[in-house]
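A.B. asks: From the sequence below, what's the structure:
(2 chains)
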Amino acid sequence: MKTETKTTILFICISLLCTALFVADLIFGSITIPLRDVFNSFIHHQTDNNYYEIIINFRLPKALTAVLAGLSLSVAGLLMQTLFQNPLAGPDVLGVSSGASLGVAVFVMASSFVPAFLGVSGWGIVVSAIIGGIGVLLIMLLASFKVRNSVSLLIIGIMFGSMAGAVVSILQNHSNPDALKLFVVWTLGSLSAVSWTYMQVMAPLIIIGMLIAVFAQKQLNALLLGENYARGLGISVVKTRLVLIIATGLLAGATTAFTGPIAFIGVAVPHIARGLFKSSNHSIVIPASALCGASLLLVCDIVSQLSVYTIPINAISSLFGAPLIIWIIIKNSK
Amino acid sequence: MNILTTENLSIGYKKTAIQQQLDLEVRAGEMVCLIGPNGSGKSTLLRTLCGLQKGLKGKIKIEGKDLTLLNNTQKALSLSFVLTDKVEVDNLSVFDLVFTGRYPHTTWLGNRTENDLRITDEAIDMVHLRHKRNSLINELSDGEKQRAMIAKALAQCTPLIFLDEPTAHLDLPNRVEIMLLLRRLAKETRKAIVLSTHELDLALQAADTIWLMNENGIKTGLPEDLVLEGYIEKTFTNPQVNFDSATGSFNMHYKTDKEIKINGKSTLVYWTKRALARAGYSISDNAAKEIIVAINSWTFNGQVFNSIACLVEYLENMK
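C.D. replies: Predicted coordinates:
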């Protein structure tokens, strides 16, 4: 019972922290809005209030995006680490993000050749990002059968990233300025790029991905023991792999599609969650990663707003995440 | 009743059969040790019986049901196994590991019912790991980790358990403990247990039945019968080693080119002989020179040595 109580207390603490950070993310920014006015904006729909527009149409969707992106990237990273049995797996490290970029690039720039595509909608970008992400994921899964060493697999992922980057450069060279601008804006994209309209697309996809992850927790726990033991427990390994790839593609693909690539959250957060809760049990680690990921991205967002010059969210998450990955490699090489 | 029966089973990879026409059977409460030289196909046989790879020909029946006709869950309810695959997971507790054995019995979410929790704890008790229930598996010793894996197989509540080299990488006390534990479980729980091992002496002492595997097939029988019929000796004897059926132990062959005579108390003579064999001496009553052995004194060539080491050193310097 002792460990269960400890787990419950930890969950309560992190949920409270996450809520506090969410509120803080609404308060702080280029101008600091008092807490009372934040609440007033929710209660009274008075458009004449100075703060209403900022809170409801700018800061609230941005904070929600931080929560959704944080939890989906973290859970996607967790799924990949279990799937590949590799502590360094994650959406950006194994090339899923670059695959998604390639998908978006092909879609956006192809529309400059084929006029029928000109009506580039949120859906089109999402679908192409998810297809690109899942495509790279499948290739990496095939590679993981041949290459068991985690660092080697990581290098293959980086190579795929470079190749995708090269193809994107070629596409950029041959596309018209309008399509190019659309793509570049996407790659620079931030948490504030997600408006309420886009949120209606992004949120359901992430929720579906999360549901699949939650329902696959038994299979995930069995996979921790290796494929043979998983089969011995009555788990269909092939089916599980496919389900996990779809879930990862939905989570990482949908997030990357709207916010642009956000580095390192996916790799780092599952390690924080496992270490904090001293557990590898997915029924604990999935919600723990989600909460830690959401909190972390909220912190990154607050930091990026508070600085004098706005720092891109990707830079902050890299500054924090890259050292953590170096630490994981050093720890594992002992 | 037979838990496991194979009929005309052929095992191997692709089209190449390693073993053919195997008719094996295991009864409830029986402990079977599968022994044989490297490369004879022990792991292949176990993997085939576990359903991890397909047999080339013939049938495997578990409690009368054809293994190939069972779905994943039915298989997991019929047999469990402990492999040589390493389980390296950070932050996985013994309890969580053993609980995975309950998965075939739980719903798709893996909900923990009172019954599942009780059976998991019972399995942990059976392998004497209660004090490590909440420890992480990476903090366990190799012996404890192996016991935790056995508990996982027990929690699965199957009539049949396979273990591939469960005593590998363990020191002697742990090897003996695992063998005694498995034997006790077979008798107490009436489970059929089949394990492969390279520990011949342990297998011959602990098994109800030996499956002796070599390139010509599998010979089954009581350990003592197989020894007396000379099968063990035939399978494992080669120019470097021979099986002494009088003691049930293996002796190494050394190249000996010198002869010497030895006399004294039997235990002292036995161990002195072994050191002499390593130094290249064989024992012969017709040899010209003699060693007289007494407690703490070895007399040779008119000199007295107080240890075998001094004696052997003197003999080597004589050349």
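A.B. asks: Could you list the contact residues of chain A toward chain B?
C.D. replies: A:2-3, A:87, A:215, A:217-218, A:221-222, A:224-226, A:228-229, A:231-236, A:274-275, A:277-281, A:283 (CB under 8 Å from any CB of the partner chain). C-betas here are computed from N, CA, C, even on glycine.
A.B. asks: Those in helices, which ones?
C.D. replies: The helices, defined by DSSP state H, take in A:2-3, A:215, A:217-218, A:221-222, A:224, A:228-229, A:231-232, A:274-275, A:277, A:283 from those.
A.B. asks: Can you tell me which of those has the most neighbours?
C.D. replies: Among those, residue A:232 has the most neighbours (other CB atoms under 10 Å in any protein chain shown), with 31 neighbours.
A.B. asks: got a list of what residue 316 touches?
C.D. replies: Answering for chain A, as no chain was given. A:300, A:303, A:304 (CB atoms under 8 Å, 6 or more residues apart in numbering or on different chains).
A.B. asks: meant chain B, my bad for not saying
C.D. replies: Residue B:316 makes contact with residue B:279 under the criterion CB under 8 Å, 6+ apart.
A.B. asks: Can you name the residues of chain B that neighbour chain A?
C.D. replies: Contact residues (CB under 8 Å from any CB) of chain B with chain A: B:50-52, B:72-77, B:79-81, B:83, B:85-87, B:89-93, B:96-97, B:100-101, B:103-104, B:106, B:108-110, B:134, B:136, B:156.
A.B. asks: which of the residues you listed are buried?
C.D. replies: By neighbour count, with 16 or more other CB atoms under 10 Å in any protein chain shown, the residues of chain B next to chain A hold B:50-52, B:72, B:75-77, B:79-81, B:83, B:87, B:89-93, B:96-97, B:100-101, B:103-104, B:106, B:110, B:136, B:156 as buried.
A.B. asks: count of neighbours near the residue of the stretch 51-200 of chain A found nearest chain B?
C.D. replies: Of all residues in the stretch 51-200 of chain A, the one sitting closest to chain B is residue A:87 (8.0 Å; CB to the nearest CB). Residue A:87: 18 surrounding residues under other CB under 10 Å.
A.B. asks: For it, give me phi and psi.
C.D. replies: Torsion angles at residue A:87 (phi, psi; degrees, to the nearest 10) stand at phi -70, psi -10.
A.B. asks: What about the contacts of residue A:316, which one has the most neighbours?
C.D. replies: Among the contacts of residue A:316, residue A:300 has the most neighbours (other CB under 10 Å), with 26 neighbours.
A.B. asks: Please identify which of the ones in helices among the residues of chain A next to chain B is nearest to chain B.
C.D. replies: Distance to chain B, by CB to the nearest CB, is smallest for residue A:218 among those, at 3.5 Å.
A.B. asks: unless I'm mixing things up, that closest one is touching residue B:103, no?
C.D. replies: Yes - using CB atoms under 8 Å, residue A:218 makes contact with residue B:103 at a distance of 5.9 Å.
A.B. asks: just to revisit the earlier point, of the ones in helices among the residues of chain A next to chain B, the lowest pLDDT goes to which?
C.D. replies: pLDDT across these is lowest for residue A:2, at 72.
A.B. asks: List the contacts of that one.
C.D. replies: By CB under 8 Å, 6+ apart, residue A:2 lies in contact with residue B:134.
A.B. asks: Over to the one 5 residues further on?
C.D. replies: With CB under 8 Å, 6+ apart as the criterion, the residues that contact residue A:7 are A:277, A:279, A:284.
A.B. asks: Mind listing what's buried along the helix or strand containing it?
C.D. replies: If you go by DSSP states H and E, residue A:7 is part of helix A:2-27. Of the residues in helix A:2-27, A:3, A:7, A:10, A:14, A:17, A:18, A:21, A:22, A:25, A:26, A:27 count as buried by neighbour count, 16+ other CB under 10 Å.
A.B. asks: can you name the two of those residues that are farthest apart?
C.D. replies: Pairwise distances across these peak at 36.0 Å for A:3 and A:27 (criterion: CB to CB).
A.B. asks: okay, the longest helix belonging to chain B in PDB with CA atoms only?
C.D. replies: When chain B is parsed with DSSP H, its longest helix is helix B:172-189. Coordinates of each C-alpha in helix B:172-189 appear next as PDB, following Å, rounded to 0.1, in the frame of the first residue of the first chain:
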ATOM      1  CA  LEU B 172      26.700 -23.200  -7.200                       C
ATOM      2  CA  PRO B 173      24.500 -22.500  -4.200                       C
ATOM      3  CA  ASN B 174      22.100 -20.600  -6.400                       C
ATOM      4  CA  ARG B 175      22.100 -23.300  -9.100                       C
ATOM      5  CA  VAL B 176      21.200 -25.900  -6.400                       C
ATOM      6  CA  GLU B 177      18.600 -23.600  -4.900                       C
ATOM      7  CA  ILE B 178      16.900 -23.100  -8.300                       C
ATOM      8  CA  MET B 179      16.800 -26.900  -9.000                       C
ATOM      9  CA  LEU B 180      15.500 -27.700  -5.600                       C
ATOM     10  CA  LEU B 181      12.900 -24.900  -5.900                       C
ATOM     11  CA  LEU B 182      11.700 -26.200  -9.300                       C
ATOM     12  CA  ARG B 183      11.500 -29.800  -8.000                       C
ATOM     13  CA  ARG B 184       9.500 -28.700  -5.000                       C
ATOM     14  CA  LEU B 185       7.100 -26.700  -7.200                       C
ATOM     15  CA  ALA B 186       6.600 -29.600  -9.500                       C
ATOM     16  CA  LYS B 187       5.700 -31.800  -6.500                       C
ATOM     17  CA  GLU B 188       3.600 -29.200  -4.600                       C
ATOM     18  CA  THR B 189       1.700 -27.700  -7.400                       C
END
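A.B. asks: buried ones in that helix?
C.D. replies: Buried residues in helix B:172-189, counted by 16+ other CB under 10 Å: B:174, B:175, B:176, B:177, B:178, B:179, B:181, B:182, B:183, B:185, B:186, B:189.
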